[in-house]
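*Asks:* need a structure here:
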Amino acid sequence: MSGAQVVAGGGDFRPRVEKLLTDILGLMGFPARLDLQDATDGSLSVALHFESGAPPGVEPGKRSQVLDSLQFLLNKMLHRPGVERRWVMLGAGAHPEPRPRRDAAAQQQAAAAAPVASVAQVASTPAQQPARAAAPAPAAQPQQRNARGGQQAAKPAQTPAKSAEADERTLQVEEDPVFREAVRKLAEKSASLGRFYAFAAMKTEDRARVLKAVEGVGGVKVAAEGEGRNRRVVFTPAKPAPMPKRSLLPDDDEDDVDA
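*Replies:* Predicted structure coming up:
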């Protein structure tokens, strides 16, 4: 490669971050004022102050799937092979908490493991005490027998069952005609184009409205998947269609070669 190596923390780094974020948020329809500052861990901290309200699922001062995805996309676009990396952290309405440095985290883990290793070493060392007469082993208790004289089988230990997510289809929610029409159009689009769609970061009541709105739409299966904050509503077409090659995103892992 010709020329000096480009450094991610150079003079053009902040303008690149500001321009990329401004363009992405503009395309999302949620413009925001950006507050950039250097974090104590060496990263670049950016507080997003949304001008006309935050995107769905984003709350000031809290992490969310939307911010995590936006942060991943931004760092993927900034960091190319052969470039010194500098991480960018995003926060909604405020600067995010700084990430713990890897070397500091490793030192903390080693310090926490030291007392445990010392206790294990002491426990494994045989105690130098005078030998004592071994106590007689307790007599084996006779196995309980049932009324027919057969031995009663031991009951296996039962592990507590993992709590399952509630079925949104059984919830009674108030219908929203505008919301219902928009969801049905998306379901019909998924069926006609063969495309997969998904709703993330939705409340349980909104997922229930989606599942009730798509009832009767053919050519597509709509179901809620995942658990907790990762739960989403997925539109799966009956006849999936391959994506056109021209719409595929470039591979950021390929090296750039200067002529």
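
*Asks:* could I have stretch 47-66 exported to PDB, CA atoms only?
*Replies:* What follows is stretch 47-66, C-alpha atoms only, in PDB (Å, rounded to 0.1, in the frame of the first residue of the first chain):
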ATOM      1  CA  ALA A  47     -24.100  11.100  23.200                       C
ATOM      2  CA  LEU A  48     -27.100  11.100  20.800                       C
ATOM      3  CA  HIS A  49     -29.700  13.900  21.600                       C
ATOM      4  CA  PHE A  50     -32.600  13.100  19.300                       C
ATOM      5  CA  GLU A  51     -34.300  16.100  17.900                       C
ATOM      6  CA  SER A  52     -37.800  14.700  17.500                       C
ATOM      7  CA  GLY A  53     -38.000  11.800  19.800                       C
ATOM      8  CA  ALA A  54     -35.900   8.600  20.100                       C
ATOM      9  CA  PRO A  55     -36.500   5.500  18.000                       C
ATOM     10  CA  PRO A  56     -38.800   2.800  19.300                       C
ATOM     11  CA  GLY A  57     -37.100   0.800  22.000                       C
ATOM     12  CA  VAL A  58     -34.500   3.500  22.900                       C
ATOM     13  CA  GLU A  59     -34.700   5.100  26.300                       C
ATOM     14  CA  PRO A  60     -32.300   7.800  27.600                       C
ATOM     15  CA  GLY A  61     -29.500   6.400  29.700                       C
ATOM     16  CA  LYS A  62     -30.200   2.800  28.900                       C
ATOM     17  CA  ARG A  63     -28.700   0.200  26.400                       C
ATOM     18  CA  SER A  64     -31.000  -1.300  23.700                       C
ATOM     19  CA  GLN A  65     -30.800  -3.500  20.700                       C
ATOM     20  CA  VAL A  66     -31.100  -0.400  18.400                       C
END
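
*Asks:* in stretch 220-233, what counts as buried?
*Replies:* Neighbour counts using 16 or more other C-beta atoms under 10 Å place 220, 222, 224, 231-233 of stretch 220-233 among the buried residues. Using the backbone N, CA and C atoms, a C-beta is placed for each residue, glycine as well.

*Asks:* element containing Thr236, please.
*Replies:* In this structure, Thr236 is located in strand 232-237 according to DSSP states H and E.

*Asks:* likewise Ala223?
*Replies:* strand 220-225.

*Asks:* give me the angle between that strand and strand 232-237.
*Replies:* Relative orientation of strand 220-225 versus strand 232-237 (axes from the mean of the first three to the mean of the last three C-alpha atoms, to 10 degrees): 160 degrees.

*Asks:* what is the mean pLDDT for strand 220-225?
*Replies:* For strand 220-225, mean pLDDT rounds to 94.

*Asks:* just stretch 61-73 next, same as before
*Replies:* pLDDT averaged over stretch 61-73 gives 87.

*Asks:* over to stretch 204-214?
*Replies:* 92.

*Asks:* need the residues that contact that stretch.
*Replies:* Residues outside stretch 204-214 that contact it (C-beta atoms under 8 Å, 6 or more residues apart in numbering) are 166, 168-169, 171, 173, 175-176, 179-180, 183-184, 187, 199, 202, 220, 222-224, 231, 233, 235.

*Asks:* what ranges does the protein have for its strands?
*Replies:* Assigned by DSSP state E, the strands in the chain fall at 32-38, 44-50, 88-92, 197-199, 220-225, 232-237.

*Asks:* partners of the second one in the sheet?
*Replies:* The sheet places strand 44-50 alongside strand 32-38 (antiparallel), strand 88-92 (parallel), with pairing taken from DSSP bridges.

*Asks:* and the contacts of it?
*Replies:* Contacts for strand 44-50 (C-beta under 8 Å, 6+ apart): 13-14, 17, 21, 25, 30-39, 58, 86-96, 98.
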